[in-house]
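Student: I'll drop the sequence and a predicted model, then ask my questions.
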Amino acid sequence: MSNYHIETKCIQEGYQPKNGEPRVLPVYQSTTFKYDSSEHVGRLFDLAEEGFFYTRLANPTVDAVERKIAALEGGVGAMCTSSGQAASLIAILNICSSGDHLVSAGTIYGGTTNLFAVTLKRMGIEVTFVDPDAPAEELQEAIRENTKLVFAETIANPALVVLDIEKFANLAHSSHIPLFIDNTFATPINCRPFEFGADIVIHSTSKYMDGHAVALGGVIVDSGNFNWDNGKFPGLSTPDASYHGMVYTRDCGKAAFITKARVQLMRDLGSTPTPNNAFLLNLGLETLHLRMERHCANAQKVAEYLEKNEKIAWVNYPGLKGSKYYDLAQKYLPKGSCGVISYGIKGGRDAAVKFMDSLKLAAIVVHVADNRTGVLHPASTTHRQLSDQQLVAAGITPDLIRMSIGIENVEDIIADIEQALGWL
Ligand SMILES: *Cc1c(COP(=O)(O)O)cnc(C)c1O
């Protein structure tokens with residue numbers, strides 16, 4: 001299917017039925033698979049033959065979705081996980097152990113920040129957070145002898161910083177380490193990080209990929225491009241005693257990283273997606289290209305409306321000509337960035353709360369990046385324990401409103417904002 005456009009791949013990749021089989025991907029709601037001989041099962045365990053034996057490691061419904069996502073990103077393989085958090089954790093543990101270090105953009109999703117600063121730290125893995133806008137020479141100073149990877153988001157949630165992916169790829173590759181990109185907000189429709197030098201891509205599929213806010217999930221995608229056999233990654237280039245002495249770089253070729261993640265870490269950690277959630281994710285992926293187009297078109301119009309409104313103090317959206325990230329967005333996200341915008345209401349915290357409570361169509365939700373327009377005021381919800389001063393230190397102004405623009409008619413979304421602003 002490699003010659004088809006990405007829109008066609010959204011629909012047709014992954015599941016390809018044979019003569020007389022169901023046209024639509026079935027839910028293989030089975031933990032287990034039957035074989036006629038022990039010898040056959042033995043060959044599956046040796047990875048000498050492809051097949052399914054236990055849903056913790058692989059399941060036909062999940063497998064079809066993994067093939068589709070690998071095709072969308074242009075990778076050699078993918079592995080779905082039970083959540084985006086599990087995808088980040090497994091991707092990192094695949095090459096990092098106690099005593100290792102990684103460098104991450106500071107402007108990343110709050111859940112990932114906690115994973116890095118709290119739980120990885122407890123595991124003996126240290127993280128240095130850097131300013132993604134810093135010049136290359138300054139970023140280079142964060143790299144150490146034991147640094148195993150560089151991590152960043154294509155479009156940061158919620159700061160909406162657009163990453164200079166090539167700058168980060170050069171930073172990683174000059175030290176012979178890989179670049180991991182969380183591509184959740186852009187999706188492969190708007191950016192394919194492998195084309196700019198990223199080596200591993202991860203997603204929270206709970207966001208745009210699912211799109212309907214029905215199934216939590218994550219995925220790791222392997223570009224197959226990184227040379228793991230350079231002495232820095234013995235877990236991949238020396239025998240795995242827990243897997244009959246397999247040497248992933250020797251025995252799995254380009255799919256070394258993703259094979260190890262599955263047969264070693266998914267085996268041991270078990271953060272497996274359910275077949276039913278994989279089925280729902282597949283339905284979401286079938287319309288990803290249409291939905292992203294509408295999310296971006298709507299967000300652009302809402303951002304332009306807000307920019308002209310005198311009750312609005314500031315608007316942050318990479319598609320606005322005045323945005324600090326406009327040029328980077330033109331380069332990396334020419335089709336559009338995402339549906340999330342942030343803005344400030346004149347009158348600070350109190351005005352923001354009054355505005356939010358007056359919205360009728362846009363619902364107050366913690367989730368982002370699904371079909372329905374949603375809105376969140378961090379200062380009065382997720383970050384309510386912080387004083388105004390502490391909020392600013394955390395990069396969140398008291399007036400900041402994060403709005404995830406859905407795929408409703410944009411005139412209705414703007415009318416809702418307008419009537420809510422009328423109460424101020
Ligand atoms: C939501 C999110 C995650 C975490 O994903 P879950 O599916 O909620 O575990 C990771 N990265 C980004 C950018 C996110 O928005």
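Tutor: Perfect, I can see it now.

Student: shaky segments in the stretch 251-400 of the chain?
Tutor: Residue ranges of the stretch 251-400 of the chain with pLDDT under 70: 391, 393-395.

Student: Show the average pLDDT along stretch 53-66.
Tutor: Averaged across stretch 53-66, pLDDT comes to 97.

Student: tell me which residues in it are buried?
Tutor: Thr55, Leu57, Ala58, Asn59, Pro60, Thr61, Val62, Asp63, Ala64, Val65, Glu66 (16 or more other C-beta atoms under 10 Å). For glycine as for every other residue, the C-beta is placed from the backbone atoms N, C-alpha and C.

Student: Name the surrounding residues that touch it.
Tutor: With contact meaning C-beta atoms under 8 Å, 6 or more residues apart in numbering, stretch 53-66 is reached by 14-15, 25-28, 30-33, 35, 41, 44-45, 52, 77-80, 219, 262-263, 266-267, 270, 272-273, 275, 278-279, 281-282, 285.

Student: which ones among the buried residues of stretch 53-66 are found in helices?
Tutor: Secondary structure assignment by DSSP state H places Pro60, Thr61, Val62, Asp63, Ala64, Val65, Glu66 of the buried residues of stretch 53-66 in helices.

Student: if we can go back for a sec, can you select the buried ones from the contacts of stretch 53-66 in ChimeraX?
Tutor: ChimeraX command restricting those to the buried ones, with burial defined by 16+ other C-beta under 10 Å:
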select :14,15,25,27,28,33,41,44,52,77,78,79,80,219,262,263,266,272,273,275,278,279,281,282,285
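
Student: ok, back up a step: may I see the buried residues of stretch 53-66 arranged in TSV, with distance to Gly235 as well?
Tutor: Formatted as TSV, the buried residues of stretch 53-66 follow (distance: C-beta to C-beta, whole Å):
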residue	distance to Gly235
Thr55	25
Leu57	18
Ala58	21
Asn59	26
Pro60	29
Thr61	29
Val62	24
Asp63	24
Ala64	29
Val65	27
Glu66	22
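
Student: which among the residues you listed gets closest to Ser358?
Tutor: Distance to Ser358, by C-beta to C-beta, is smallest for Val65 among the buried residues of stretch 53-66, at 40.1 Å.

Student: residues touching the closest residue to Pro378 other than its chain neighbours, list them.
Tutor: Nearest residue to Pro378, sequence neighbours excluded (C-beta to C-beta, 6 or more residues apart in numbering): Ile396, at 5.0 Å. Counting by C-beta under 8 Å, 6+ apart, Ile396 makes contact with Pro378, Ala379, His383, Leu386.

Student: change it to 7 Å
Tutor: Pro378, Ala379, His383 (C-beta atoms under 7 Å, 6 or more residues apart in numbering).

Student: Check Thr382 too.
Tutor: Applying C-beta under 7 Å, 6+ apart, we find Thr382 in contact with Val366.

Student: quick one: it from Leu400, how far?
Tutor: 11 Å (C-beta to C-beta, to the nearest Å).

Student: picking up where we left off before, the contacts of stretch 53-66 in helices, which ones?
Tutor: Counting by DSSP H, the contacts of stretch 53-66 place Val41, Leu44, Phe45, Arg267, Pro275, Ala278, Phe279, Leu281, Asn282, Leu285 in helices.

Student: Of these, just say which sits nearest to Thr119.
Tutor: Taking C-beta to C-beta as the measure, Thr119 sits nearest to Arg267 out of these, at 20.6 Å.

Student: which residues sit in contact with the closest one?
Tutor: Shown in contact with Arg267 (C-beta under 7 Å, 6+ apart): Leu57.

Student: and stretch 49-61, C-alpha only, in CSV?
Tutor: Only the C-alpha atoms of stretch 49-61 are listed here, as CSV (Å, rounded to 0.1, in the frame of the first residue of the first chain):
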residue,chain,number,x,y,z
GLU,A,49,7.2,-17.9,12.7
GLU,A,50,4.6,-15.1,12.8
GLY,A,51,1.4,-15.7,14.7
PHE,A,52,-0.5,-14.9,17.9
PHE,A,53,-0.3,-16.8,21.1
TYR,A,54,-1.4,-14.5,23.9
THR,A,55,-3.1,-11.1,23.8
ARG,A,56,-0.7,-9.5,26.2
LEU,A,57,2.0,-9.7,23.5
ALA,A,58,-0.1,-9.5,20.3
ASN,A,59,-3.7,-9.7,19.1
PRO,A,60,-5.1,-9.6,15.5
THR,A,61,-7.3,-6.5,16.1
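
Student: now it: how far from the chain's centre is it?
Tutor: 24 Å (C-alpha atoms, centre = their mean, to the nearest Å).

Student: Pull the contacting residues for the residue in the stretch 201-350 of the chain positioned nearest to the ligand.
Tutor: Of all residues in the stretch 201-350 of the chain, Ser204 sits closest to the ligand, at 3.0 Å by C-beta to the nearest ligand atom. By C-beta under 7 Å, 6+ apart, the contact list for Ser204 reads Gly84, Thr184, Gly218.

Student: Get me the contact residues on the stretch 51-200 of the chain for the ligand.
Tutor: Ser83, Gly84, Gln85, Tyr109, Gly111, Thr112, Glu153, Asn157, Asp182, Thr184, Phe185 (C-beta under 6 Å from any ligand atom).

Student: Phi first, then psi, for the third one.
Tutor: Spelled out, it's Gln85. phi -60, psi -40 (degrees, to the nearest 10).

Student: go on, Gly270?
Tutor: Dihedral angles for Gly270 - degrees, to the nearest 10 - are phi 60, psi 30.

Student: which residues touch it?
Tutor: Arg56.

Student: circling back: show me the contacts of Ser204 that map onto strands.
Tutor: Gly218 (DSSP state E).
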